[in-house]
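Peer 1: Let's see this in three dimensions:
(chains A and B)
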Amino acid sequence: MTTMTTTSAAVTLHGVSRVFGRGPAAVRAVDDVTLDFPRGGWTAVMGPSGSGKSTLLHCAAGLERVDTGRVLLGDTDLTAAGDADLTALRRTRIGFVFQSFNLIGALTAEQNVALPLRLAGKRPSRSVVRATLDAVGLADRARHKPRELSGGQQQRVAIARAMVTRPEVLFADEPTGALDSTAARTVLDLMRAMADAGQSIVMVTHDPGAAARADAVVFLRDGRVVDRLIGADAREVADRLAAWER
Amino acid sequence: MLGMSRAGLAERWTLFVGALLSVTLGVALVQSSLLLLISAATLDGASADEAAVPMLGIVLGGAVFLAGFVISSTFAFTVDQRRRDLALLRLVGGSRRQVRRLLLGEALLLGLGGAALGVPAGLGVMAVQTWLMRRFAFVPAGFTGEWRMWILGVSVGTGVVLAVAGVLVAARRAAGVRPLEALRESGPAARVMTAGRWVAGLFFFGGALALVIVAPHGGPAGGQAMAMNVAMPAAVAVVAFGPLLVPLLARLMPFGGGVLGSLARAAVRDARRRSASVAAPLIVLVALVIGNTGAGASFTASGIDEVARSTHADFVVEGRVPAGSVPGVSTVSVETSLPAQVTVGSGEDQETTDVTALVIDPSAYAAVHGTPVDLRGRAVARGPGGEVPSSGPVRVRVAGADLGELPVVAAVPEMLSGGASLLLPTGLVPATGPTTSFVTLAPGADASSVGSRLTSIGPVSTIGDWLRADAELRNSTNDKVLLVVLGLGGLYALIGVVNSIVIGAATRRREFAEARVTGLTRGQVVRAALLEAYAVTGAALLLGLLAASAAFVAVLSTTSAVTGVATLDLPWPLFAAVAALILTVTGLTSLITSWSATRHPPVTLLAARE
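Peer 2: Okay, the predicted model is just below:
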């Protein structure tokens, strides 16, 4: 691994392992993974259920501590960062989108989007928040609470919330997992546009259709990287996944 | 952050109504008890029952304890139920400090809100307490609790301090919540016994143990006071170990066979912290009510027994029976009770106590009460009521007359049943006051003829009747004291119980919905929740009884040390009534909350996910 790759990658995993449990019941969810997620690219992580893809994402985002190895966000070593540093990173350099939206039900769409900025001690201007909501096509739903929005709309609010801080990397864990196909397509179109504009995205998915929208697909099995596809279509991704699920 | 606190309060109102109610009633109870205590203490000394002020002191102490306990356990429970929300906040960039500040901000709002509602509610509580005190003649008929302006500051302070202090530990714990927990459906297997719980549990266990050990050496008054105070720390210790003890005992409850029984048993085992949180106010309620009524009744019974054993007479006459005036009488102990003031020490150390003095004939008193008293000249003795040094000079004023310095030369054993503190020989003061004569028959004398002759002097009772009347009076006084001390506090704790069940059910809608889509009917879900509630209630009853038993141990050793006979006289019918009331309240609350939590079709709950 050269200095070159470290700085050009948005996120670098170097010899990362994560074990859950002890003794004979121990599970190596991530097993000695070395991997770059390129800057300005959209990478999908796929694998059979239980292959460790979510754990890999959590480790890459600094949400889960690693047992061995190093995780770098740009040049910042996440494995050495304390809780306060990680909190600051979540406010400024990392964005999250999850399957279950995870919006705060008490707050309106607008307030949810403004939340990361307010937590960072900034007074977000209404125009910035509205512009971010506008970018996900929801400018007219700013005053609605999550329960008044459809699943697809809630996920777009979650994306707006993740993007409002202009993060270096957007981590997405099954972002279309809870959506119908139309809503999923809207969300994927949005993410594609973001990636085309230079946003680094790391996404875990089990949907070959979603993975095919990414620039590259990484396959995981038993906690190890086993395969990689670049610029594949949905059929190729599905065939490859089926092969690894066998 | 305050804005978020406000939004949080508005959204999770079901959780917060419970928390607000606990603060409101806590403030009301503390305010009322404090105002009454001050009103009674500043009342003209002679017109209030001497028991009123210490009793109100106990009421106030109990109110502060209960308010602190109920508020902090309710707050901790609401925070516990919101771990996922808090983790979400951490996920989008909230720092630990911000989580803490959010929770403290909420507590501040709830404290202020609780105080605002608690001040007027306190006036209502005071009306009830005053009525009770007047009805039982602890205070004169015209007594009223006086409003004082400064109480506003005290009540607002009480609300805010109790609410903020109550949430401190929970907030610290919640600030440690990991962002990843927001992504999990159910929280991780959070450690059930935290270091704080161990420390608190062992600390209060040690406190209860110390009281149990020291009580028998505290004399009649001190020993009783200590034994009556064992239940509180014992209950807190049991509550601290609740996450270990409650599920353990709850699993032993008879669930009945079948799928609902096994579901309920699994739920108890799985949700250890919830079970413990629901059981906590129940344990305190049971321990306080059963522990204190049991201890009070035992001490009363022991005192009655003691009087019976130490009174050797055949008749008791309300009046003066002159010696030798009635044929067939062998000994008469004429005892006249007078209010007295005893001053001990001099200069800055000088201390004056209001006591009851008894004017006696030493040899007759010795014969009737079976304890030698040798008094000559101006010498006096300490009576069974204690409160006076057992030797040395004391300054005595009786009925306004200064008797000067008198030497205390003897002391009769202190008695659990109390009595006069000072024994004066006849001749020292004019014996004008309520007088009782204890009459012993001469051998071979005819009891009925002596009895009828005595009636010309005053009302006569046989010793058996007199002891029964004395016992009834003591029992009824004990009952009244306990009702005043425990009545409203117990009611408050019971509301705390309802609160915890409602909070426990508020966050279970999804769990219930999952059970229903698995194939359970709404009725089955409600029945399984009821079984679970009964298992937790049963465990709490047993654990409350365990804490109360610590008080009973202290009662046994204290009565044995003071009277020579270990006495435990438990009011079982009352215990049964308390258990029935608690089972009814928890059963009904569980039914209503789980019925309400299942009122929407399960699909709408499982589909809508924030």
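Peer 1: Okay, helices next: where are they in chain A?
Peer 2: For chain A, the helices defined by DSSP state H occupy A:3-8, A:53-60, A:83-92, A:109-119, A:126-135, A:151-163, A:181-196, A:208-211, A:234-245.
Peer 1: For chain B, find the nearest of those helices.
Peer 2: helix A:83-92 (3.5 Å; CB to the nearest CB). For glycine as for every other residue, the C-beta is placed from the backbone atoms N, C-alpha and C.
Peer 1: Spatially nearest residue to residue B:148 (excluding sequence neighbours)?
Peer 2: residue B:35 (6.7 Å; CB to CB, 6 or more residues apart in numbering or on different chains).
Peer 1: what residues are up against that neighbour?
Peer 2: For residue B:35, the contacting residues are B:122, B:126, B:145-148, B:151, by CB atoms under 8 Å, 6 or more residues apart in numbering or on different chains.
Peer 1: part of a strand, is it?
Peer 2: No - according to DSSP: H, G, I helix; E, B strand; the rest coil, residue B:35 belongs to no strand; its state is helix.
Peer 1: top of the contacts of residue B:35 by neighbour count?
Peer 2: residue B:122 (28 neighbours; other CB atoms under 10 Å in any protein chain shown).
Peer 1: Tell me which helix or strand comes right after the helix or strand that residue falls within.
Peer 2: Using DSSP states H and E, residue B:122 sits within helix B:96-135. Heading C-terminal from helix B:96-135, the first helix or strand you meet, by DSSP H and E, is helix B:151-175.
Peer 1: what inclination does the helix or strand just after that next one have with respect to helix B:151-175?
Peer 2: Where DSSP H and E defines the elements, the next helix or strand beyond helix B:151-175 is helix B:195-214. In terms of direction (axes from the mean of the first three to the mean of the last three CA atoms, to 10 degrees), helix B:195-214 departs from helix B:151-175 by 120 degrees.
Peer 1: tell me which residues in helix B:195-214 are buried?
Peer 2: B:197, B:200-201, B:204-205, B:207-209, B:211-212, B:214 (16 or more other CB atoms under 10 Å in any protein chain shown).
Peer 1: before we move on, what about stretch B:93-108?
Peer 2: Neighbour-count burial for stretch B:93-108 [16+ other CB under 10 Å]: B:93-96, B:98-108.
Peer 1: any idea of the mean pLDDT for stretch A:31-44?
Peer 2: In this model, stretch A:31-44 has a mean pLDDT of 92.
Peer 1: Using CSV, list the CA coordinates for it.
Peer 2: Taking Å, rounded to 0.1, in the frame of the first residue of the first chain, the C-alpha atoms of stretch A:31-44 are listed here in CSV:
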residue,chain,number,x,y,z
ASP,A,31,-11.8,-11.2,8.6
ASP,A,32,-8.6,-9.4,7.6
VAL,A,33,-10.1,-7.1,5.0
THR,A,34,-7.8,-4.7,3.1
LEU,A,35,-9.9,-2.5,0.8
ASP,A,36,-10.0,1.0,-0.7
PHE,A,37,-13.2,2.9,-1.4
PRO,A,38,-12.2,5.5,-4.0
ARG,A,39,-12.8,9.2,-3.7
GLY,A,40,-15.6,10.5,-5.8
GLY,A,41,-16.9,6.9,-6.6
TRP,A,42,-19.9,4.9,-5.6
THR,A,43,-19.0,1.4,-4.3
ALA,A,44,-21.6,-1.2,-3.5
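Peer 1: ok, and for it, which residues are buried?
Peer 2: A:31, A:33, A:35-37, A:39, A:41-44.
Peer 1: for stretch A:55-73, same thing?
Peer 2: Using 16+ other CB under 10 Å as the test for burial, stretch A:55-73 gives A:55-64, A:66, A:69, A:71-73.
Peer 1: With respect to residue B:174, which of the helices of chain A lies nearest?
Peer 2: Closest to residue B:174 of the helices of chain A is helix A:83-92 (CB to CB; 14.0 Å).
Peer 1: pLDDT weak spots in chain B?
Peer 2: Within chain B, the stretches with pLDDT under 70 are B:1-12, B:44-51, B:182, B:184-191, B:604-610.
Peer 1: thinking again about what came up before, need the helices of chain A in TSV with mean pLDDT, can you?
Peer 2: As requested, these are exported to TSV (pLDDT from 0 to 100):
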stretch	mean pLDDT
helix A:3-8	48
helix A:53-60	90
helix A:83-92	87
helix A:109-119	87
helix A:126-135	89
helix A:151-163	89
helix A:181-196	90
helix A:208-211	91
helix A:234-245	88
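Peer 1: any idea of the angle the helix or strand where residue B:476 lies forms with helix B:96-135?
Peer 2: Mapping residue B:476 onto the secondary structure by DSSP H and E places it in helix B:463-506. Angle, helix B:463-506 to helix B:96-135, by the same axes, to 10 degrees: 150 degrees.
Peer 1: What parts of chain A come near chain B?
Peer 2: Contact residues, chain A versus chain B (CB under 8 Å from any CB of the partner chain): A:58, A:63-64, A:83-84, A:87-88, A:90-92, A:96, A:98, A:100-107, A:111, A:115-116, A:119-120, A:146-147, A:161, A:165, A:173, A:178.
Peer 1: so residue B:462 makes contact with residue B:451?
Peer 2: Yes - with contact defined as CB atoms under 8 Å, residue B:462 reaches residue B:451; the gap is 7.3 Å.
Peer 1: Now the common contact residues for the two.
Peer 2: Joint contacts of residue B:462 and residue B:451 (CB under 8 Å, 6+ apart) are residue B:315.
Peer 1: which ones are touching residue A:208?
Peer 2: Here residue A:208 is in contact with A:46, A:234-235, A:237-238, A:241 (CB under 8 Å, 6+ apart).
Peer 1: Any of the residues you listed buried? List them.
Peer 2: For these, buried by 16+ other CB under 10 Å: A:46, A:237-238, A:241.
Peer 1: mind giving me the domain split of chain B?
Peer 2: Here the domain parsing of chain B from automatic domain parsing is B:1-190, B:200-310+B:466-610, B:320-457.
Peer 1: and the end-to-end length of the last one?
Peer 2: In other words, domain B:320-457. 7 Å (CA to CA, to the nearest Å).
Peer 1: follow-up on the earlier one: the next helix or strand after the helix holding residue B:476: how far from the chain's middle?
Peer 2: Counting by DSSP H and E, the element after helix B:463-506 in chain order, helix or strand, is helix B:509-517. Here helix B:509-517 is found 40 Å from its chain centre; the criterion is CA atoms, centre = their mean, to the nearest Å.
Peer 1: Spell out whether helix B:509-517 and chain A are in contact.
Peer 2: No - judged by CB under 8 Å from any CB, helix B:509-517 makes no contact with chain A; its nearest approach is 12.0 Å.
Peer 1: Mind giving me the packing neighbours of that helix?
Peer 2: helix B:522-563, helix B:572-597, helix B:602-607 (3 or more CB pairs under 8 Å, 6 or more residues apart in numbering or on different chains; DSSP states H and E).
Peer 1: Pull that helix out as PDB, backbone CA atoms only.
Peer 2: Below are the C-alpha coordinates for helix B:509-517, written out as PDB (Å, rounded to 0.1, in the frame of the first residue of the first chain):
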ATOM      1  CA  ARG B 509     -46.800  -1.500  20.900                       C
ATOM      2  CA  ARG B 510     -44.500  -2.900  18.300                       C
ATOM      3  CA  GLU B 511     -43.800  -6.000  20.400                       C
ATOM      4  CA  PHE B 512     -47.500  -6.600  20.800                       C
ATOM      5  CA  ALA B 513     -48.100  -6.100  17.100                       C
ATOM      6  CA  GLU B 514     -45.400  -8.700  16.300                       C
ATOM      7  CA  ALA B 515     -47.000 -11.200  18.600                       C
ATOM      8  CA  ARG B 516     -50.300 -10.600  16.800                       C
ATOM      9  CA  VAL B 517     -49.000 -11.000  13.300                       C
END
